[in-house]
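>>> Quick one: sequence plus predicted model below, questions after.
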Amino acid sequence: MVKRPATWSRQFTFRDREIFYNRIPFNNRAERAVEVPLAFDFLTRQPSKERMLEVGNVLQYYENALSDALCIRGRRIIDKFEVGYGIDNVDIIDVDPEEKYQTIISVSTVEHVGQNSSPTGRFGEQKKSADLEAPLTAIAKIYDLLAVDGHALLTVPFGKLMDGGWYVQFSSEYLDLLTTKYNIPQEALSVGYLKRVALESRWSNPHQRWIEAAAGELSNVRYDNIASGARAIAVIELTKLAEPFTFNAAVLPATPLCYERSPLARSLFVGVGSVRSWFHR
């Protein structure tokens, strides 16, 4: 991580766009600082505000009257576990394939699909064994749900391939399976990367600095278990092509990849999660 800057910038750069950091305090200790503004920027740039879907209930925590003015509050929100107003408790895999959406957004959600429950027990389910490629199946399902010429944006933690128990941190070789195994056309897929290079020394809503990076720079980046978030993210953009695509919901034989598993880090994360859960009672 680079030396902490004397002043903190209000904006970061992604694909030649200057975007304001999220400064809403809710759960804003790590990648939410850039994911949330990336998501809203993406939604506001879509030519049609009809047939929008959010996978995972995230953006409601950061919305204000601007969402009404931009006509993005009317999107459908699905979340398998979180119960709340306007949320459909549906597994992404079970969404009717005949339903097609012009726009789909998913913020740090698909990495949890098919994995174990979170340390706080707020979402997820206990499993004897997780399907480590379920996040890729979920992305293929999202591609299937897009209407032709529709667009999706997804963010996931990225760096060293990790089985975190309740999440999978993506790597380059893991992402490659989207095209080589799950049959998403290469030309339908575009991926950009951001990494955190500075973090203010305070627990609540710290200022951060994120910069664009190449995938190769991030191969040894580990998930930040103390801050409960990613040190780098992949920003996945999908554009639905006209050529036929057949989604396969069956669990495919696992590809032999080397996932890092750290019992010490996992125990630390469970401990931190338990403390947080106690304070939220």
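Noted; the coordinates are in hand.
>>> ok, and the closest non-adjacent residue to the residue positioned nearest the centre of the chain?
A centroid search over the chain (Cα atoms, centre = their mean) returns residue 108, at 2.1 Å, as the residue closest to the centre. Nearest non-adjacent residue to residue 108, counting by Cβ to Cβ, 6 or more residues apart in numbering: residue 155, 5.6 Å away. Bear in mind the C-beta positions are built from the backbone N, C-alpha and C, glycine included.
>>> Run through the protein and note the low-pLDDT ranges.
Where the chain drops to pLDDT under 70, the residues are 1-3, 120-121, 127-128, 262-281.
>>> For it, which segments count as helices?
Under the criterion DSSP state H, the chain contains helices at 32-44, 65-69, 134-145, 172-180, 263-279.
>>> who touches residue 163 in this structure?
Listed by Cβ atoms under 8 Å, 6 or more residues apart in numbering, the contact partners of residue 163 are 130, 132, 259-261.
>>> The residue nearest to the centre of the chain contacts residue 34, correct?
No. Here residue 108 lies out of contact with residue 34, judged by Cβ atoms under 8 Å, at a distance of 10.8 Å.
>>> Now do the shared contacts for the two.
Contacts common to residue 108 and residue 34, judged by Cβ under 8 Å, 6+ apart, are residue 233.
>>> Distance of the residue nearest to residue 209 when sequence neighbours are not counted relative to residue 210?
Nearest residue to residue 209 in three dimensions, chain neighbours excluded: residue 198, at 3.9 Å (Cβ to Cβ, 6+ apart). For residue 198, the distance to residue 210 equals 9 Å [Cβ to Cβ, to the nearest Å].
>>> ok, those two, which is more surrounded?
For residue 198 versus residue 210, neighbours defined as other Cβ atoms under 10 Å are more numerous around residue 210 (24 against 17).
>>> related to what we said a few turns ago, filter the contacts of residue 163 to the buried ones?
Neighbour counting by 16 or more other Cβ atoms under 10 Å classes 130, 132 among the contacts of residue 163 as buried.
>>> Quick one: the contacts of residue 163 as CSV, columns for distance to residue 50 too.
Shown next, in CSV, are the contacts of residue 163 (distance: Cβ to Cβ, whole Å):
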residue, distance to residue 50
130, 36
132, 36
259, 40
260, 42
261, 43
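>>> Just name the closest of the contacts of residue 163 to residue 84, please.
Closest to residue 84 out of the contacts of residue 163 is residue 130 (25.6 Å), distances taken as Cβ to Cβ.
>>> Can you give me the distance of residue 251 to residue 132?
11 Å.
>>> what's the answer for residue 183, then?
19 Å.
>>> one step back: relative to residue 231, which of the contacts of residue 163 is nearest.
Each of those was scored against residue 231 by Cβ to Cβ, and residue 260 proved nearest at 13.9 Å.
>>> Could you tell me which residues make contact with the closest residue to that closest one other than its chain neighbours?
Leaving aside its sequence neighbours, residue 260 sits nearest to residue 162 (Cβ to Cβ, 6+ apart; 4.8 Å). Each residue near residue 162 by Cβ under 8 Å, 6+ apart is listed here: 168-169, 222-223, 259-262.
>>> out of those, which one sits closest to residue 21?
So of those, ranked by how close each gets to residue 21 (Cβ to Cβ), first place is residue 223, at 20.7 Å.
>>> Once you drop chain neighbours, what's closest to residue 117?
In space, residue 117 is closest to residue 124, 3.3 Å off (Cβ to Cβ, 6+ apart).
>>> The one you found touches residue 81, doesn't it?
Yes. Contact criterion Cβ under 8 Å: residue 124 and residue 81 qualify, at 6.7 Å.
>>> Between the two, which is the more surrounded one?
Ranked by neighbour count (other Cβ under 10 Å), residue 124 and residue 81 place residue 124 first, with 21 against 16.
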